[in-house]
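Peer 1: give me the fold of what follows.
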Amino acid sequence: MKLNTSALAVLAALPLMSFVASAAPTAEDLQDRVFGSVFYEVYSPDSDKARSAEWQNVDNGNGRGLNIGYRINKEWAIRAEFARQDLDKATVGYDVKGNRAGVDLMYHIDSLPVYVVGGVKNFTTGRSASAANVGIGANFFVLDNLAIFAEANRYQGISQSFADTGLKVGLSYVFGSAPQAAPTPAPQPEAAPAPAPVIGDADQDGVTDDKDQCANTPITDKVDTVGCSIFTETSVRIDLNAQFDNDSSVVKPEYHADIEKLANFLKRFPNTDVEIAGHASNVGKPAYNMALSQRRSDAVADVLVTQYGIDRSRVKAVGYGVTKPRAAGNNAAAHAVNRRIEGHVTASVKEAVTR
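Peer 2: Below is the predicted model of the structure:
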């Protein structure tokens with residue numbers, strides 16, 4: 001294919017455009033704005049079209065058209081295009097006229113005036129056909145809203161096989177105005193520093209109120225760095241021992257006071273439990289003594305539960321028979337000592353450290 005003199009004039013004009021307008025608007029100024037353009041085009045169809053009667057033997061020619069588009073952001077824009085084409089015939093006869101219409105997606109390269117373009121078009125020049133186009137162009141602003149642009153495209157047939165080229169020059173106008181930056185506020189005079197507040201110590205524990213995490217600490221307590229009482233933890237223990245008559249599981253009245261003390265201890269420390277361990281002397285059969293020791297532990301447990309209100313789940317009654325004697329020997333004194341129950345409870349107590 002060959003270009004006519006109009007195409008050469010377009011190509012010659014492209015280098016001159018780079019010297020136009022030294023103060024172009026920035027990409028930020030152009031985004032979110034509508035633009036429109038008019039252009040003149042030099043168009044060169046595929047050389048096969050000149051030899052094809054189906055294409056009416058179309059040859060080089062020109063066109064005129066317009067675009068309307070929207071700059072989506074700094075990089076991307078979309079536009080619609082319509083062009084009226086007037087192409088020569090390779091054979092003798094009239095010129096071939098038709099239209100080209102379609103849409104393009106444009107990508108602007110950083111801060112350069114250059115963009116790349118791609119889209120789809122429909123042709124009625126010569127015959128109806130569709131094509132995909134890809135090209136490159138440049139905008140050269142002469143005013144904030146007005147630019148000269150040049151663009152070259154290749155059109156690759158979709159519905160028919162062909163490869164055309166086109167060169168455009170034109171004017172593009174950007175509607176509206178660039179967003180104005182908010183004015184920088186004038187610096188305000190620095191306010192005089194406020195006097196430092198006086199911080200008190202309401203509970204008089206030596207820690208000021210802004211750091212005190214425990215208000216109303218007793219004045220007698222020693223406190224830590226955040227005003228909370230310091231505690232020490234000690235262990236307390238209570239023991240219960242009760243003796244039984246020979247072959248008896250009846251709790252003697254003199255041991256009720258000790259059982260009450262154990263009950264009060266359990267109420268004071270509700271997280272504690274107690275095991276009542278029943279024992280027997282080594283007289284008679286072991287199985288009988290095991291059952292006897294269990295009856296003795298059950299008897300004391302019943303007193304704790306029924307008379308002093310201790311929850312049954314906190315009292316464990318276990319009979320050990322003769323397996324854990326307190327006194328050795330097979331005499332009356334040893335037997336008397338071993339006829340017993342035992343109970344032991346230990347709890348932890350936190351006590352404040354005084355000043």
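Peer 1: and Gly135, that's in a strand?
Peer 2: Yes - judged by DSSP: H, G, I helix; E, B strand; the rest coil, Gly135 forms part of a strand.
Peer 1: run a quick neighbour tally on the closest residue to it other than its chain neighbours.
Peer 2: Closest residue in space to Gly135, ignoring its immediate chain neighbours: Asn153 at 3.4 Å, by CB to CB, 6 or more residues apart in numbering. C-betas here are computed from N, CA, C, even on glycine. Residues contacting Asn153 under the criterion other CB atoms under 10 Å number 22.
Peer 1: name the element Ala336 belongs to?
Peer 2: Using DSSP states H and E, Ala336 sits in helix 332-338.
Peer 1: buried sites along that helix?
Peer 2: Under the neighbour-count criterion of 16 or more other CB atoms under 10 Å, helix 332-338 has Ala334, His335, Val337, Asn338 buried.
Peer 1: quick one: buried residues of the helix or strand just after it?
Peer 2: Counting by DSSP H and E, the element after helix 332-338 in chain order, helix or strand, is strand 340-352. Using 16+ other CB under 10 Å as the test for burial, strand 340-352 gives Arg340, Ile341, Glu342, Gly343, Val345, Ala347.
Peer 1: just put those in CSV and tack on distance to Lys89 and pLDDT.
Peer 2: CSV is the format used below for those (distance: CB to CB, whole Å; pLDDT from 0 to 100):
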residue, distance to Lys89, pLDDT
Arg340, 132, 92
Ile341, 127, 91
Glu342, 126, 90
Gly343, 123, 87
Val345, 118, 87
Ala347, 114, 77
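Peer 1: out of those, which is nearest to Ser172?
Peer 2: Ala347 (90.4 Å; CB to CB).
Peer 1: how about the nearest residue to that closest one, chain neighbours excluded?
Peer 2: Leaving aside its sequence neighbours, Ala347 sits nearest to Phe269 (CB to CB, 6+ apart; 3.9 Å).
Peer 1: right, and Ala301 touches Val318 too?
Peer 2: No - using CB atoms under 8 Å, Ala301 is not in contact with Val318; the gap is 9.7 Å.
Peer 1: the more surrounded of the two?
Peer 2: Higher neighbour count among Ala301 and Val318: Ala301, with 23 against 14, using other CB under 10 Å.
Peer 1: does that one sit in a helix, a strand or a coil?
Peer 2: Applying three-state DSSP to Ala301 yields a three-state assignment of helix.
Peer 1: circling back: shared neighbours of Ala301 and Val318, anything?
Peer 2: Common contact partners of Ala301 and Val318 (CB atoms under 8 Å, 6 or more residues apart in numbering): Ile276.
Peer 1: quick one, strands of the stretch 251-355 of the chain?
Peer 2: Assigned by DSSP state E, counting those that start in this stretch, the stretch 251-355 of the chain shows strands spanning 274-278, 315-319, 340-352.
Peer 1: for the last one, packing partners?
Peer 2: Under the contact criterion of 3 or more CB pairs under 8 Å, 6 or more residues apart in numbering; DSSP states H and E, strand 340-352 touches strand 231-243, helix 256-268, strand 274-278, helix 286-302.
Peer 1: I'd like the ones you listed laid out as TSV, including distance to Arg314 and mean pLDDT.
Peer 2: Below are the helices and strands packed on strand 340-352 laid out as TSV (distance: least, CB to CB, whole Å; pLDDT from 0 to 100):
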stretch	distance to Arg314	mean pLDDT
strand 231-243	14	83
helix 256-268	6	91
strand 274-278	7	92
helix 286-302	10	93
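Peer 1: in which helix or strand does the residue nearest the centre of the chain reside?
Peer 2: By CA atoms, centre = their mean, the chain has its centre lying nearest to Asn73, at 27.4 Å. For Asn73, there is no host helix or strand (DSSP H and E).
Peer 1: surely it meets Gln31?
Peer 2: Yes - judged on CB under 8 Å, Asn73 makes contact with Gln31 at a distance of 5.0 Å.
Peer 1: one step back: single out the most deeply packed of the helices and strands packed on strand 340-352.
Peer 2: Highest mean neighbour count of these: strand 274-278, a mean of 22 (counted as mean count of other CB atoms under 10 Å).
Peer 1: Pro187: neighbour count?
Peer 2: 6.
Peer 1: can you classify Leu208 as helix, strand or coil?
Peer 2: In this structure residue 208 is Thr, not Leu. coil.
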